[in-house]
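[1] need a structure here:
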Amino acid sequence: MSGDIDPSQTIQLIDKYFGKWQTKPLATPNYKREADITQPINTTVIGKDAEFLNIAFRFDGG
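    So this is what the prediction gives:
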């Protein structure tokens, strides 16, 4: 939340709309193991969008 707010009025609104929500247990996701990467993967994509780089790491643990 941002801006010029009245803290006590804001807490009342939060309690009014969200105060009765109850927590629920979440299911643990079960991901299939991906094949190991044994060599670099180079890909060239040509398009009109701006360039960007996405870096991700694989790890065990779900």
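[2] neighbours of residue 58, how many?
    By the criterion of other Cβ atoms under 10 Å, residue 58 has 8 neighbours. Every C-beta, even on glycine, is put in place using the N, C-alpha and C of the backbone.
[3] I figured it hits residue 33, correct?
    No - in this structure residue 58 lies outside contact range of residue 33 using Cβ atoms under 8 Å: 9.2 Å.
[4] okay, now residue 3: neighbour count?
    Residue 3: 4 neighbours (other Cβ under 10 Å).
[5] can you give me the helices for the protein?
    7-18 (DSSP state H).
[6] which stretches of it have low pLDDT?
    Low-confidence segments of the chain, defined by pLDDT under 70: 61-62.
[7] swap in 50 and give it another go.
    By pLDDT under 50, the chain has no low-scoring segment.
[8] so where do the strands sit in it?
    Ranges of strands in the chain, per DSSP state E: none exist.
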